[in-house]
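Participant: next comes the sequence, and after it the predicted model I'd like to discuss.
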Amino acid sequence: MSKHQPSGVLQWLSLFLLMSLFGVSHGEVGTAGQYSPPYLPTACYGNTPAQFPSSNLFAAAGEGIWDNGASCGRQYLVRCISASVPKTCIPGETIQIRIVDRAATSLSRPSSNGATIVLSTTAFSTIANASANSINIEYSQ
């Protein structure tokens, strides 16, 4: 190897640092709707009120992440990336939500059918304008 050529490790390290600086996505892209009370009973934990985080940042899993109930209790980082109406997303807001229900069977019906994740009203309004029915999201477990 020439004295003036960077090693492969150095090239990968440089690429990693550049990706970190420019915010390359590490999550999945999907859609989110919202649902409102009543939230009980849930498909994951029934009538137990203790299932909800004190922040009220929780959600129902869409069929794509439901995983036969294995998604119950999973936590996801979620941020709004776009919507059909401009300026719907609240810039710079990322939330951590907990899956407590299944969107297909939730007592309260989602604002958008087929969404990847259906957020509680509190969770939805933290990352987007609450008047929206559906938003595009980036999420990661």
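Facilitator: Cool, the structure landed.
Participant: name the spans of this structure whose pLDDT lies under the cut-off.
Facilitator: Counting by pLDDT under 70, the low-confidence segments of the chain come to 1-26.
Participant: for the one residue sitting closest to the centre of the chain, give me its contacts.
Facilitator: Note on the chain: the residue nearest the mean C-alpha position is residue 78, at 3.0 Å, using CA atoms, centre = their mean. Residue 78 is in contact with 32, 59, 94-97, 117, 119, 123, 127, 137-139, counting by CB atoms under 8 Å, 6 or more residues apart in numbering. (C-beta placed from N, C-alpha, C; glycine too.)
Participant: same check on residue 113?
Facilitator: Residue 113 touches residue 33, counting by CB under 8 Å, 6+ apart.
Participant: heads up, I number from 2, so please use that
Facilitator: Right, with 2 as the first residue, what we last looked at is residue 114.
Participant: where along this protein do the strands fall?
Facilitator: In the chain, the strands defined using DSSP state E lie at 29-36, 59-62, 76-83, 95-103, 118-121, 136-141.
Participant: quick one, which of those strands gets closest to residue 46.
Facilitator: strand 95-103 (6.3 Å; CB to CB).
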